[in-house]
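J.: Quick one, structure for this:
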Amino acid sequence: MEEDRRAKAKMQPAAGSGSDADLARRRDSLSRSLDAEQRERAAAAAPRRSDTKAFSLAFRLASEFVAGILVGAAIGWGLDALAGTSPWGMIGFLLLGFVAGVVNVIRSAEKMATGQTKPDTGPDED
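T.: Predicted coordinates for the structure are as follows:
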């Protein structure tokens, strides 16, 4: 008998559940939840700013390393041209430039790891 009452209750809608106000309230609630879900998905699919930031930091490290080597080679070449000590000045300063490049990369990487560098956001607006 209890089961018959439950079955009838399932078949018949509850009183007032089909009213326009109730349907409008439920529709608005569903609309808000769908909008929130769409915003979450859009935020997850959007390209992250940190990806481009990581690329720029890697490019910065590479350029500091190459610049150290090139400056050392240029100084060595200039010294060889002035002093006539061809290849020794170039070799010595090329090695010093390599060491300087490695030291610069290590310093910059440590600063980036501790968060001491400010992101490049363009000219300062004070």
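J.: quick one, phi psi at the residue nearest to Val102 when sequence neighbours are not counted?
T.: Leaving aside its sequence neighbours, Val102 sits nearest to Phe65 (C-beta to C-beta, 6 or more residues apart in numbering; 7.1 Å). Yep, even glycine has a C-beta here, placed from its N, CA and C like the rest. Main-chain dihedrals, Phe65, degrees, to the nearest 10: phi -70, psi -50.
J.: now for the helix or strand where Ala54 lies, which elements pack on it?
T.: Using DSSP states H and E, Ala54 sits in helix 49-83. If contacts are counted by 3 or more C-beta pairs under 8 Å, 6 or more residues apart in numbering; DSSP states H and E, helix 49-83 sits against helix 88-114.
J.: Next, the angle from the helix it packs on to helix 49-83.
T.: Counting by axes from the mean of the first three to the mean of the last three C-alpha atoms, to 10 degrees, helix 88-114 lies at 160 degrees to helix 49-83.
J.: and helix 88-114, how far from the chain's centre?
T.: Relative to the centre of its chain, helix 88-114 is centred 26 Å away, using C-alpha atoms, centre = their mean, to the nearest Å.
J.: coming back round to it: the residue nearest to Val102 and Asn104 touch, don't they?
T.: Yes - under the criterion of C-beta atoms under 8 Å, Phe65 is in contact with Asn104, at a separation of 7.0 Å.
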